[in-house]
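Engineer: Quick one, structure for this:
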Amino acid sequence: MPYLIAKPSEYIVITGRGIDDVKLAKKGWVYPLQSSWKFDISPMNYTFDVQAMSIEKLPFTLPAVFTIGPRDDEESLTKYAKLIATHDMSGRHVTELLKGIIEGETRVLAAGMTMEEVFKGAEYFKQEVFDKVQVELDQFGLNIYNANIKQLVDIPGQEYFSYLGQKTQHEAANQAKVDVAEAKYKGDKGAKEREGLTLRNAARVNAETKIFSKAQSAAARQQEFKMDAETKVFENKRAAEVAEANADLAQRQAEWTKQAKLAQIESEKKSAIRDAEMNMLLEQKKALAETERLRGQDVAKATVNYEVSVQAANAALYKEQKQADAQLYKRQTQAEGLRKEADAHLYRQNKESDALLYAKEKEAEGIQLMAQAQADYVRSMMAAFNGNLHGFHDYMMVDRKVYQEMGQINADAIQGLQPKVSVWTTGSKGSSVEGSAQPIADIYMMIPPLLDTIREQTDVYSQPRSRPSYVVSAPERWS
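Structural biologist: Model (predicted):
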């Protein structure tokens, strides 16, 4: 929980818990769940070369230097803290913002004034720019401390101010000539008064003629430049309108093409869906018609067979009415019994089939539910183990008592076994053999207990075997 102190030209902004908007302070505590930062209210200089155009559509450059900084009052500082304080005052964001405001207001003001009014009323123009820009900067809590507008400069290719200077120079030179002629006239007023008067009049006429000629030439050139500028602006405007119209037409054509393709695709898909539906309906109707046809054939056949049987039975009954009454009744009774038995058997088979089908469906549903439950159980357990497959495997082995069952199975496997362990030793203890023959003596000493162990554990020699005729004992072999 730090305690912050601002410098004389700084303020502290605090936001967070317990503060509805923002809090401005020179010093204070910053509590938990609160955020703070500092900002400097020192003004800064911004230099811009504003491109503008007069009401005669003559472009010019207006170099200007503005000294701008936050206004030192609570409302303005609050706006500045919210909108600008988090950015660097000398950074690109703030510079572009100020440049856009100044250029916009300057261009709007210059568009309503002639070039002569801008040039001669520089102080009025500066004050108007100052006032209009300040109104826009008030919404950001900024204040213009000073604004300096430098000399107006021609844009490359436009020489209005140059021609205006030349005009002034020529007017001054002509005025100087007139003054010289007048002074000479006064100096030679005596004897040469008439000559001087003549020369003065001639000089005045020549000067006026030159001034008028220069003025007419400058006015003509100015009108020519004005017409060229207006023509160029009109051409550029028309080109921009044509380009905009072409772009709008291309965009609309693309949109129309897209809509047409979508409508065509939708129509084709609907037609295909309708064809599929009609084909399906046709197949259903064909199946119903075939079913009715087969049913009609079976019914007609059964009816014909029934009528033939009835006619035959009637004929037989009429022919042997007296002799076959009892037998006919017996057969009818037997037939009724067989029919009922067949119906009962069929009913029982149907019920058994329904029960078996129901049992299979329930069994499938149970298996599906069990599989779903097992899948949910596995997902929940894997989530509980954070995706650790080995940990989940060990838990399942312990939970399902797999290790206990494996131990029980191993125990049951060796239950009832009676292993026999035979131990014997060999060595040189008590042996009279020494040297290199000792290993051979050890082998011979190991053979008898080994044979006894084999006989005890495998019962190989439990049954007597007949000795082959080709095996003879050692005494017989040597006798």
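
Engineer: only C-alpha atoms for contact and neighbour calcs from this point on.
Structural biologist: OK.

Engineer: What distance do you get for Ala413 to Trp37?
Structural biologist: Ala413 sits 79 Å away from Trp37, going by C-alpha to C-alpha, to the nearest Å.

Engineer: between the two, which one's more packed in?
Structural biologist: Trp37 (13 against 10; other C-alpha atoms under 10 Å).

Engineer: That one should be in a strand, yeah?
Structural biologist: Yes: assessed by DSSP: H, G, I helix; E, B strand; the rest coil, Trp37 belongs to a strand.

Engineer: Please name the residues that touch it.
Structural biologist: Trp37 makes contact with Ile12, Val13, Ile14 under the criterion C-alpha atoms under 8 Å, 6 or more residues apart in numbering.

Engineer: beta partners of the last one?
Structural biologist: Think Ile14. Taking DSSP bridges as the rule, Ile14 bridges to Lys23, Ser36.

Engineer: Adjust the sequence numbering to begin at 15 for everything that follows.
Structural biologist: Yes, from this point I'll number from 15; that puts the last item at Ile28.

Engineer: I am assuming it contacts Asp35, so please confirm or correct that.
Structural biologist: No: counting by C-alpha atoms under 8 Å, Ile28 stays clear of Asp35, with 9.1 Å between them.

Engineer: Looking at those two, which is more packed in?
Structural biologist: Ile28 (22 against 10).

Engineer: what sits against the more buried one?
Structural biologist: Val36, Lys37, Leu38, Ala39, Val44, Gln48, Ser49, Ser50, Trp51.

Engineer: same check, this time on Thr128
Structural biologist: Listed by C-alpha under 8 Å, 6+ apart, the contact partners of Thr128 are Ser68, Ile69, Glu70.

Engineer: hmm, 10 Å instead?
Structural biologist: By C-alpha atoms under 10 Å, 6 or more residues apart in numbering, the contact set of Thr128 is Met67, Ser68, Ile69, Glu70, Lys71, Leu72.

Engineer: mind pulling up the phi and psi values for Lys41?
Structural biologist: phi -160, psi 160 (degrees, to the nearest 10).

Engineer: residues contacting it?
Structural biologist: Applying C-alpha under 10 Å, 6+ apart, the residues near Lys41 are Tyr17, Leu18, Ile19, Ala20, Lys21, Tyr25, Ile26, Val27.

Engineer: Quick check: of those, which lies closest to Lys415?
Structural biologist: Set against Lys415, the nearest of these by C-alpha to C-alpha is Tyr17 (63.2 Å).

Engineer: coming back round to it: kindly supply the PyMOL command isolating those of the contacts of Ile28 that are buried.
Structural biologist: Selection command for PyMOL covering only the buried members of the contacts of Ile28, criterion 16 or more other C-alpha atoms under 10 Å:
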select buried, resi 38+44+50
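
Engineer: what would the contacts of Ile28 look like in a markdown table with pLDDT and distance to Lys315?
Structural biologist: Listed next are the contacts of Ile28 as a markdown table, based on pLDDT from 0 to 100; distance: C-alpha to C-alpha, whole Å:
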| residue | pLDDT | distance to Lys315 |
| --- | --- | --- |
| Val36 | 84 | 99 |
| Lys37 | 84 | 102 |
| Leu38 | 81 | 105 |
| Ala39 | 83 | 108 |
| Val44 | 81 | 103 |
| Gln48 | 77 | 97 |
| Ser49 | 83 | 97 |
| Ser50 | 80 | 100 |
| Trp51 | 79 | 102 |
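
Engineer: can you put the contacts of Ile28 in JSON lines and add distance to Glu377?
Structural biologist: Converted to JSON lines, the contacts of Ile28 look like this (distance: C-alpha to C-alpha, whole Å):
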{"residue": "Val36", "distance to Glu377": "68"}
{"residue": "Lys37", "distance to Glu377": "71"}
{"residue": "Leu38", "distance to Glu377": "74"}
{"residue": "Ala39", "distance to Glu377": "76"}
{"residue": "Val44", "distance to Glu377": "68"}
{"residue": "Gln48", "distance to Glu377": "63"}
{"residue": "Ser49", "distance to Glu377": "64"}
{"residue": "Ser50", "distance to Glu377": "67"}
{"residue": "Trp51", "distance to Glu377": "70"}
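
Engineer: Against Gly310, how distant is Ala316?
Structural biologist: From Ala316 to Gly310 the distance is 10 Å (C-alpha to C-alpha).

Engineer: and the longest strand along the chain, average pLDDT?
Structural biologist: Taking DSSP state E as the criterion, the chain has its longest strand at strand 73-84. For strand 73-84, the mean per-residue pLDDT is 81.

Engineer: and that strand, how far out from the chain's middle?
Structural biologist: 43 Å (C-alpha atoms, centre = their mean, to the nearest Å).

Engineer: now stretch 259-273
Structural biologist: From the chain centre to the centre of stretch 259-273 is a distance of 28 Å (C-alpha atoms, centre = their mean).

Engineer: contacts for it?
Structural biologist: Ala253, Ala254, Glu255, Val256, Ala257, Glu258, Ala274, Lys275, Leu276, Ala277, Gln278, Ile279.

Engineer: among those, which are in helices?
Structural biologist: Taking DSSP state H, the ones among these that sit in helices are Ala253, Ala254, Glu255, Val256, Ala257, Glu258, Ala274, Lys275, Leu276, Ala277, Gln278, Ile279.

Engineer: just those residues now: which is nearest Thr467?
Structural biologist: Nearest to Thr467 among these is Ile279, at 92.5 Å by C-alpha to C-alpha.

Engineer: Can you get me a residue count around the closest one?
Structural biologist: Neighbours of Ile279 using other C-alpha under 10 Å come to 12.

Engineer: So which residues of the stretch 365-493 of the chain form strands?
Structural biologist: Shown for the stretch 365-493 of the chain, no strands are assigned by DSSP state E, counting those that start in this stretch.

Engineer: what ranges do the helices span in it?
Structural biologist: For the stretch 365-493 of the chain, the helices defined by DSSP state H, counting those that start in this stretch cover 403-413, 416-428, 452-472, 488-492.

Engineer: Quick one: the strands in the stretch 65-214 of the chain, in order.
Structural biologist: All strands of the stretch 65-214 of the chain, identified by DSSP E, counting those that start in this stretch, fall at 73-84, 156-163, 167-168.

Engineer: Tell me the buried residues in the longest one?
Structural biologist: Using 16+ other C-alpha under 10 Å as the test for burial, strand 73-84 gives Pro73, Phe74, Thr75, Leu76, Pro77, Ala78, Phe80, Ile82, Gly83, Pro84.

Engineer: mind putting the ones in helices among the contacts of stretch 259-273 in TSV, pLDDT and distance to Glu366 included?
Structural biologist: Shown next, in TSV, are the ones in helices among the contacts of stretch 259-273 (pLDDT from 0 to 100; distance: C-alpha to C-alpha, whole Å):
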residue	pLDDT	distance to Glu366
Ala253	84	90
Ala254	84	88
Glu255	84	86
Val256	85	86
Ala257	85	84
Glu258	85	82
Ala274	83	61
Lys275	86	59
Leu276	85	57
Ala277	84	57
Gln278	85	56
Ile279	87	54
